[in-house]
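# next one to model:
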Amino acid sequence: MSVASLAPYAVRPELSRGRLHPEPEAPMRSPWQRDRDRVIHSSAFRRLQYKTQVFVNHEGDFFRTRLTHSIEVAQIARSIARALGLDEDLTEALALAHDLGHPPFGHAGEEALNLAMKPFGGFDHNAQSLRVVTLLESRYAGFDGLNLTWETLEGLVKHNGPLSKPPAYIADYNERHRLDLNTHPSAEAQVAALSDDIAYHSHDLDDGLRARLFGPDEIAHLPVVGEALNAARRASLDVPPPRLRHETIRRVIDAMITDVIEETGRRLAKLGPKDADGIRRAKRKMVGFSERMAEANQAIKDFLFARMYRHWRVNRMTAKARRLTEELFRLLVADPSLLPDDWRARAGEAGLSRAAVTVGDYVAGMTDRYAMDEHRRLTDLAVSG
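This is a model prediction of the structure:
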């Protein structure tokens, strides 16, 4: 989308607040295209390929990973942004970056790491995403991190709304580079956040059906999903199960996207924002579901929690993942000399707290496979270091 066709409330590249470390503008790319490219080329983004969404990576080649999920979020987000006249490139950059701070093993890994790090301030994947893009990525000679624009950083930390009590790292970073934590983020960031929900719930339904944790008849009662299932069955009386699943899920996604565009259009028409700051200063989020779709989305979420995220097969794997993550952290904090050279240098000799934060960064950056291999290297005498 050209700058001329952007809506008045879109974030405009020529009005960007710039980067913490000033750089010459790229002649062939907008600031947001450059941010998107830096995210895609980062080590943290590549590692998402082997990080759990729901199923641990080795459980099947066709289940979602953090990487495929992020790509799907970006596709949905671009579609919504285009319809609303928003900047698609900023929206895409935020969608692709939103999960960079997730540790291995999905929510199980995050819960375990948060518990282990409680004495040192805890662990928050949103704060970790900011650490990744402002500190941990080391690709450039002049600065740590990716030196993303203010608008991308703002959307990354505030995508769920204003932060009255930000995690420690976000608060510390905000002292150096103010991100206006008390306001809503841009409409582009709000689109990326809601696209995450759409992708998460619809694709988890897909993976749950594929894994046979539940069948089509068991989701027929769900609002929106049941309607999509009936429409898919009417499309072909003899559609085989895999195609029925795909036909159903694509209709669910389409219904949710359509609802977001229509409801957000109503909210924008009522508010009449003159610029992007009008979105930030609004009393409520501008991008959202209608009341009916919000209730349907919650019903889908509740179903997935009961029938998928707490299924005994998933429980067994997440229980093992929690124990492994906790033990990895405990072993490395107890003896930082076990860390690889570069990480051991970061831990330094400044005391337990610094070592714990360094180990937290190290573990959070691991893929599922690397975490399992590292655990074996640290605990199995038959495996060399």
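# quick one: secondary structure of K274?
coil (DSSP: H, G, I helix; E, B strand; the rest coil).
# hmm, I typed the wrong one, I wanted D35.
helix.
# flag the shaky bits of the chain, pLDDT-wise.
1-4, 53-63, 349-351, 385 (pLDDT under 70).
# quick one, helices of the stretch 101-250 of the chain?
106-116, 125-131, 150-158, 168-176, 187-210, 216-219, 225-235, 241-271 (DSSP state H, counting those that start in this stretch).
# now render the ones you listed as JSON lines, adding mean neighbour count and distance to D341.
Just so you know, the C-beta spots here come from the backbone N, C-alpha and C atoms, and that holds for glycine as well. JSON lines is the format used below for the helices of the stretch 101-250 of the chain (neighbours: other Cβ atoms under 10 Å; distance: least, Cβ to Cβ, whole Å):
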{"stretch": "helix 106-116", "mean neighbour count": "22", "distance to D341": "23"}
{"stretch": "helix 125-131", "mean neighbour count": "23", "distance to D341": "21"}
{"stretch": "helix 150-158", "mean neighbour count": "26", "distance to D341": "30"}
{"stretch": "helix 168-176", "mean neighbour count": "15", "distance to D341": "25"}
{"stretch": "helix 187-210", "mean neighbour count": "25", "distance to D341": "36"}
{"stretch": "helix 216-219", "mean neighbour count": "14", "distance to D341": "50"}
{"stretch": "helix 225-235", "mean neighbour count": "17", "distance to D341": "51"}
{"stretch": "helix 241-271", "mean neighbour count": "17", "distance to D341": "46"}
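# quick one, which of the ones you listed is nearest to F329?
Nearest to F329, of all the helices of the stretch 101-250 of the chain, is helix 106-116, at 4.3 Å by Cβ to Cβ.
# on that earlier part again, would you list the helices of the stretch 101-250 of the chain in TSV and tack on distance to M28?
Formatted as TSV, the helices of the stretch 101-250 of the chain follow (distance: least, Cβ to Cβ, whole Å):
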stretch	distance to M28
helix 106-116	38
helix 125-131	27
helix 150-158	19
helix 168-176	30
helix 187-210	21
helix 216-219	46
helix 225-235	41
helix 241-271	31
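# for E92, which of those is the nearest?
Once these are compared by Cβ to Cβ, helix 187-210 is nearest, at 8.2 Å.
# and the residue nearest the centre of the chain, backbone torsions?
In the chain, the residue lying closest to the centroid (Cα atoms, centre = their mean) is D99, at 2.9 Å. Per-residue torsions, D99: phi -110, psi 10 (degrees, to the nearest 10).
# repeat for M286
When read as degrees, to the nearest 10, the backbone of M286 gives phi -90, psi -30.
# that one reaches R267, doesn't it?
Yes: judged on Cβ atoms under 8 Å, M286 makes contact with R267 at a distance of 5.1 Å.
# out of the helices of the stretch 101-250 of the chain, which is closest to M372?
helix 106-116 (11.5 Å).
# just the terminal-to-terminal distance for stretch 300-312.
19 Å (Cα to Cα, to the nearest Å).
# list the buried ones in that stretch?
I300, F303, L304, R307, M308, Y309, H311 (16 or more other Cβ atoms under 10 Å).
# nearest spatial neighbour of the second one, skipping sequence neighbours?
So that's F303. L222 (5.9 Å; Cβ to Cβ, 6 or more residues apart in numbering).
# that older thread, in helices only, show me the buried residues of stretch 300-312.
I300, F303, L304 (DSSP state H).
# where's the closest residue in space to L331 that isn't next to it in sequence, which helix or strand?
Using Cβ to Cβ, 6+ apart and skipping the chain neighbours, the partner closest in space to L331 is L378 (5.3 Å). Per DSSP states H and E, L378 falls inside helix 368-379.
# so what touches that helix?
The contact list for helix 368-379, computed with Cβ atoms under 8 Å, 6 or more residues apart in numbering, reads 50-52, 56-58, 104-105, 109, 324-325, 327-328, 331-332, 338, 363, 366, 383-385.
# buried ones among the residues you listed?
Buried among the contacts of helix 368-379 (16+ other Cβ under 10 Å): 50-52, 56-57, 104-105, 109, 324-325, 328, 332, 338, 363, 366.
# quick one: which of those sit in helices?
G109, L324, T325, L328, L332, V363.
# from the residues you listed, which two are the most distant?
Of all the pairs that these form, the one spanning the most space (Cβ to Cβ) is G109 and L332, at 14.7 Å.
# for stretch 213-226, output the C-alpha coordinates as PDB.
Extracted C-alpha coordinates of stretch 213-226, given in PDB (Å, rounded to 0.1, in the frame of the first residue of the first chain):
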ATOM      1  CA  LEU A 213      -7.600 -35.000  20.600                       C
ATOM      2  CA  PHE A 214     -11.300 -34.400  19.600                       C
ATOM      3  CA  GLY A 215     -13.400 -34.900  16.500                       C
ATOM      4  CA  PRO A 216     -15.500 -32.700  14.200                       C
ATOM      5  CA  ASP A 217     -18.700 -33.600  16.100                       C
ATOM      6  CA  GLU A 218     -17.200 -32.500  19.400                       C
ATOM      7  CA  ILE A 219     -16.700 -29.000  18.100                       C
ATOM      8  CA  ALA A 220     -20.100 -28.700  16.300                       C
ATOM      9  CA  HIS A 221     -21.600 -26.900  19.400                       C
ATOM     10  CA  LEU A 222     -19.100 -24.100  19.400                       C
ATOM     11  CA  PRO A 223     -20.300 -20.700  18.100                       C
ATOM     12  CA  VAL A 224     -18.900 -19.700  14.700                       C
ATOM     13  CA  VAL A 225     -17.100 -23.100  14.500                       C
ATOM     14  CA  GLY A 226     -20.300 -25.100  14.300                       C
END
